[in-house]
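Colleague: Can you look at this prediction? I've put the sequence above it.
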Amino acid sequence: MSTTIGAAQAVPLLDLRDVSRRFGALRVVDRLSLQVTQGEALGVIGPNGAGKTTLMNLIAGDVPVNSGQVVFAGRDVTDLPPQERCRAGIARSYQVPHPFVGLTVYENVLVGAVFGADMRESAARAHVAQVLQQTGLAPKADRIAGALPLLDRKRLELARALATRPRLLLLDEIAGGLTDQEVRELLDTIRAIRAAGVTIIWIEHIVHALLAVVDRLVALDFGRKVTEDEPQAVMADPAVREIYMGIDAAEEIVP
Ligand SMILES: Nc1ncnc2c1ncn2[C@@H]1O[C@H](COP(=O)(O)OP(=O)(O)O)[C@@H](O)[C@H]1O
Ligand SMILES: [Mg+2]
């Protein structure tokens with residue numbers, strides 16, 4: 001369903017036009033078109049192997065498209081490498097966190113600010129302090145990243161992405177492996193990031209966590225859009241229920 005948007009926001013922040021990606025004979029993303037409005041939070045669901053992570057890779061530039069266009073803030077970024085897309089305002093977290101394990105939390109985030117946002121070190125330091133506050137990592141700034149427990153490694157993924165000052169943040173199963181209480185804590189942080197004006201695309205298997213944040217859901221299967229609508233409508237869709245049999249969408253996290 002289309003969302004009502006004002007004239008000033010007529011250009012979507014992200015506009016995927018008919019993008020496809022194959023690996024060998026396998027069509028992993030198959031002629032997918034998708035638009036995300038500035039300020040929106042979009043959830044992406046789908047079974048394992050549906051092409052969700054590949055979709056993120058296509059948006060971030062980690063994997064090139066075989067065909068189609070990736071347009072960001074009105075600019076065709078299809079041929080730009082990941083570093084330049086990052087500078088344009090696209091940041092991501094990885095499904096498997098991969099910080100610089102030997103560096104401290106602070107140093108990891110500083111690297112993001114200096115290289116991802118092209119900031120001079122003095123400006124970067126102030127920005128890093130703010131990002132550490134925002135992600136709840138300020139008390140752990142001096143810890144070695146490789147020794148962090150899982151929730152903090154997830155927070156560090158967020159912090160490293162935020163360090164690059166993104167307009168669009170891509171989250172790939174960031175709540176995976178956390179306890180319910182930890183998911184609640186992470187939700188608070190993600191909501192605050194969104195409230196600060198960052199547009200979000202969030203892939204997540206923990207559907208009740210997604211539903212606590214997103215305005216809209218897209219369900220993927222075999223690299224194609226199954227449906228795209230308000231979250232409750234998507235979860236009630238018979239095709240989605242079939243894919244997600246066993247997942248209790250009514251289960252809710254009380255923030
Ligand atoms: N670099 C790659 N080379 C070959 N096959 C890949 C590659 N990346 C993903 N695939 C395949 O593409 C399909 C979709 O993968 P992925 O995008 O990771 O799905 P999801 O994140 O939805 O679980 C899977 O069958 C996977 O094995
Ligand atoms: Mg994945």
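Modeller: That came in fine, so what should we check first? Ligands and ions are numbered 1, 2, ... in the order given.

Colleague: can you give me the helices in the stretch 151-255 of the chain?
Modeller: Assigned by DSSP state H, counting those that start in this stretch, the stretch 151-255 of the chain shows helices spanning 180-195, 207-211, 231-236, 238-243.

Colleague: State the mean pLDDT of the third one.
Modeller: The average pLDDT within helix 231-236 is 93.

Colleague: Show me the contact partners of it.
Modeller: Counting by Cβ atoms under 8 Å, 6 or more residues apart in numbering, helix 231-236 makes contact with 1, 43, 45, 207, 210-211, 214-219, 227-228, 240-241, 244, 249, all of which sit outside it. In short, each C-beta sits where N, CA and C put it, glycine included.

Colleague: looking at the helices of the stretch 151-255 of the chain, which is buried most?
Modeller: helix 207-211 (a mean of 22; mean count of other Cβ atoms under 10 Å).

Colleague: Please name the bridge partners of residue 76.
Modeller: Partner residues in beta bridges with residue 76: residue 71, with DSSP bridges as the criterion.

Colleague: what helix or strand does residue 32 sit in?
Modeller: With the criterion set as DSSP states H and E, the secondary-structure element containing residue 32 is strand 26-36.

Colleague: what about that strand and ligand 1, touching?
Modeller: Yes - judged by Cβ under 6 Å from any ligand atom, strand 26-36 comes into contact with ligand 1 at 26, 28.

Colleague: so how far does stretch 30-42 reach from one end to the other?
Modeller: Its first and final residues considered, stretch 30-42 spans 19 Å by Cα to Cα, to the nearest Å.

Colleague: circling back: which of the contacts of helix 231-236 count as buried?
Modeller: When the contacts of helix 231-236 are checked for burial by 16 or more other Cβ atoms under 10 Å, the buried set is 43, 45, 207, 210-211, 214, 216-219, 227-228, 240, 244, 249.

Colleague: residues in the stretch 51-200 of the chain within reach of ligand 1, list them.
Modeller: Among all residues of the stretch 51-200 of the chain, those adjacent to ligand 1 (criterion: Cβ under 6 Å from any ligand atom) are 51, 52, 53, 54.

Colleague: mind listing what the first one touches?
Modeller: Right, residue 51. By Cβ under 8 Å, 6+ apart, residue 51 lies in contact with 21, 28, 29, 30, 220, 222, 223.

Colleague: partners of residue 202 in the sheet?
Modeller: Residue 202 forms beta bridges with residue 43, residue 171, as assigned by DSSP bridges.

Colleague: so how many other residues sit close to it?
Modeller: As a burial measure, residue 202 scores 24 neighbours (other Cβ atoms under 10 Å).

Colleague: Report the contact partners of it.
Modeller: Counting by Cβ under 8 Å, 6+ apart, residue 202 has contacts 41, 42, 43, 44, 170, 171, 174, 190, 210, 213, 214.

Colleague: Residue 124 too?
Modeller: Under the contact definition (Cβ under 8 Å, 6+ apart), the residues listed for residue 124 are 110, 113, 114, 117, 163.
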